[in-house]
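*Asks:* Have a look at this fold, sequence not included:
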């Protein structure tokens, strides 16, 4: 398969498989499962969304989100990818001939209240962990605003909503360039993904950790990641040792310190890199280092 023949569903699936496979700190990966959620669950979830993402472009974003969540629930019976689906669905609504970023801006500006209704239905079906009550436009109520307006209301407490609100600026201007730069340094996808995770966590507290354990805990994790980078990150033995210690910390309380929103954002960056031909699906993946997870 050549890059020119990749469909949106292909790219979404590859991005999800790459993200799930890389040995990221605190997440499920090919050598680490959570109780009740395994690496295989994430691979099956990646397969589940390929077909919904391959239906016709310009289909309503809310419909794509609902179909992808239903497909995931039908295959693995739990929430493994709601954040990813919410992030990638607007990309899937652009046509393959469009330049991605301006095409995405058009999609976001044309979101409707019907999109909000379908997304709310999908969120209730997925039933993500740490879902609390919202002061306005709660997902349990019938919405009265467009999906973009609803996301703007949640943007100060959720990094995925923030991407809708700012036109995915953090993905385009920070995350995807960070991944591409790391890929150039390390020469493999896995190390670039892990480095990208570090950069996201050092800049933005993880929304999922904040919902489950509070803002102070999310900020503490952010500081611990900054320390890893201060020691050289993945490029030095001291940085890698600090990263291994951070992984142990993130797994010390079940999966409550799982930086899941950051994993979703990394997946969006991988999709953008694939879509914009910044990296090929056949790129070297495995990070050959002995002192990592």
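*Replies:* Received, thanks. Note that this is a predicted model, so its numbers are computed, not measured.
*Asks:* Could you list the buried residues of stretch 191-204?
*Replies:* Using 16 or more other Cβ atoms under 10 Å as the test for burial, stretch 191-204 gives 191-202, 204. In short, each C-beta sits where N, CA and C put it, glycine included.
*Asks:* before we move on, what about stretch 43-50?
*Replies:* Result for stretch 43-50 [16+ other Cβ under 10 Å]: buried residues 43, 45-50.
*Asks:* Looking at these, which are in helices?
*Replies:* Judged by DSSP state H, helices contain the following of the buried residues of stretch 43-50: 43, 45-50.
*Asks:* any idea which of those is closest to residue 149?
*Replies:* Of all those, the one with the least separation from residue 149 (Cβ to Cβ) is residue 49, at 25.4 Å.
*Asks:* Now for that closest one: which residues touch it?
*Replies:* Taking Cβ atoms under 8 Å, 6 or more residues apart in numbering as the criterion, residue 49 is in contact with 9, 12-13, 16, 68, 71-72, 81, 84-85, 88.
*Asks:* Dump those residues into CSV; add neighbour count, distance to residue 186 and secondary structure as well.
*Replies:* What follows is the contacts of residue 49, written out as CSV (neighbours: other Cβ atoms under 10 Å; distance: Cβ to Cβ, whole Å; DSSP: H, G, I helix; E, B strand; the rest coil):
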residue, neighbour count, distance to residue 186, secondary structure
9, 19, 28, helix
12, 31, 24, helix
13, 24, 23, helix
16, 28, 21, helix
68, 29, 31, helix
71, 20, 33, helix
72, 28, 31, helix
81, 29, 26, coil
84, 29, 23, helix
85, 32, 29, helix
88, 28, 25, helix
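*Asks:* Same list (the residues you listed) but as TSV, adding distance to residue 135 and pLDDT.
*Replies:* Output for the contacts of residue 49, formatted as TSV (distance: Cβ to Cβ, whole Å; pLDDT from 0 to 100):
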residue	distance to residue 135	pLDDT
9	36	96
12	33	97
13	37	98
16	32	98
68	28	97
71	32	97
72	29	98
81	27	97
84	26	98
85	25	98
88	28	98
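*Asks:* From the residues you listed, pick the one nearest residue 128.
*Replies:* Using Cβ to Cβ, the contacts of residue 49 come closest to residue 128 at residue 81, 10.2 Å.
*Asks:* Of all the residues in stretch 209-219, which ones are buried?
*Replies:* 209-213, 217-218.
*Asks:* which two from these end up farthest apart in space?
*Replies:* Using Cβ to Cβ, the two most remote members of those are 211 and 217, lying 10.4 Å apart.
*Asks:* Surely residue 23 touches residue 191?
*Replies:* No - the pair residue 23 / residue 191 is not scored as a contact, 9.5 Å apart, by Cβ atoms under 8 Å.
*Asks:* how about the residue nearest to residue 140 when sequence neighbours are not counted, secondary structure?
*Replies:* Leaving aside its chain neighbours, residue 140 sits nearest to residue 124 (6.9 Å; criterion: Cβ to Cβ, 6 or more residues apart in numbering). At residue 124 the chain is in helix, as set by DSSP: H, G, I helix; E, B strand; the rest coil.
*Asks:* Thanks a lot, catch you later.
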